[in-house]
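Chemist: Sequence first, then the predicted structure, then my questions.
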Amino acid sequence: MTIAQNVRNHLRNKPYLLEALEKGIVNLSELSRQIQKELKTDNASAIKAALRRYSEELQKHRQKREEKVLQLLKRSGIAIYDRKSVIITSKELESNTGMKVDLLDKFVYLLDRSDLPDRINALVKHENCTMMVIHSPEELEATPGVVAFLATLLAEQHINIVEFISCWTETIMVVDKKDSLKAYEVLSNLMG
C-alpha cells in the first residue's frame, strides 16, 4: 500500500480532520508530522504531498456536493407546527394521532400536546416543542449530505434538534419552542 493510500485510510474515520482539509484550514506540515508518528513512518514529505493532493480533491468534491444540497434546498418549502410533544416510552401508547417510531424496546411518539394521554409512564418527555417539516423534491433521496448540512447548520447556531426524521421527501426536525424562531429564520433564509 502506498503512503498516499495509508494517509487516506488513516483519515477516513476522522470526520473533523476531513472537514478541516475540505475547508483548507489545517496546517498540513503539522498534520503530516502527527500522521507520521501515528503511522510510524519516516517519509514526512510524502505524507505532506499526499495531504495536499487529498485536500484539493476534497475541496472540489465538497463544493460540488454543497452546490447540489443548496440547489435542492432552494426548491424546498418549510411548514411549522407548534404545540408538539415528544414522548419516549418503554410500552406502547394507545394513540391514533401523531407519529410513532418503534425502536424494538422503546417507542418514540410525536404528538400534539392536546392529544397526550392522561397518564403516561414516559422515559423522556419534551412537551413544549415545534415541528419543522421541510418538503423537498424527490431527488432528496439521491442527494448525499442534505441531512448533515441541515443538522450542522442548526448546530452552528446552538439549536438542539430534539428529534430528526427523514422520510422520502420530508425532513422533520423537532426543536424546543424557545429555539423555534431562530431555527425558522436560519432555515427560511437558506431556502429563500
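Modeler: Happy to help now that I have it. Just so you know, these numbers come straight off a predicted model, no measurement behind them. Numbers count the residues shown, from 1 in each chain.

Chemist: In contact with residue 124, which residues are there?
Modeler: By C-beta atoms under 8 Å, 6 or more residues apart in numbering, the contact set of residue 124 is 86-88. Every residue, glycine included, has its C-beta placed from N, CA and C.

Chemist: Neighbour-wise, give me the winner out of the residues you listed.
Modeler: Highest neighbour count within the contacts of residue 124, by other C-beta atoms under 10 Å: residue 87, with 23 neighbours.

Chemist: Could you grab the helix/strand/coil label for that one?
Modeler: strand (DSSP: H, G, I helix; E, B strand; the rest coil).

Chemist: try the one 4 residues further on
Modeler: Per three-state DSSP, the local secondary structure of residue 91 is coil.

Chemist: what's the burial count for the closest residue to it other than its chain neighbours?
Modeler: Distances taken as C-beta to C-beta, 6 or more residues apart in numbering put residue 121 closest to residue 91, at 6.8 Å, once the chain neighbours are dropped. Residues contacting residue 121 under the criterion other C-beta under 10 Å number 9.

Chemist: Residue 121 contacts residue 89, correct?
Modeler: Yes - using C-beta atoms under 8 Å, residue 121 is in contact with residue 89, at 6.5 Å.

Chemist: Now do the contacts for whatever residue is furthest in space from the centre of the chain.
Modeler: Taking C-alpha atoms, centre = their mean, the residue of the chain most remote from its mean C-alpha position is residue 42, at 37.6 Å. Residue 42 is in contact with residue 36, counting by C-beta under 8 Å, 6+ apart.

Chemist: how does it look with 7 Å?
Modeler: Counting by C-beta atoms under 7 Å, 6 or more residues apart in numbering, residue 42 makes contact with nothing.

Chemist: State the phi and psi torsions of it.
Modeler: phi -100, psi -10 (degrees, to the nearest 10).

Chemist: can you offset everything so residue one is 354?
Modeler: Done: numbering now begins at 354, and the last item shifts to residue 395.

Chemist: Quickly note the distance from it to residue 356.
Modeler: Remark: distance between residue 395 and residue 356 (C-beta to C-beta, to the nearest Å) = 10 Å.

Chemist: and what of residue 409?
Modeler: 17 Å.

Chemist: Looking at those two now, which is surrounded by more residues?
Modeler: More crowded of residue 409 and residue 356, by other C-beta under 10 Å: residue 356, with 17 against 12.
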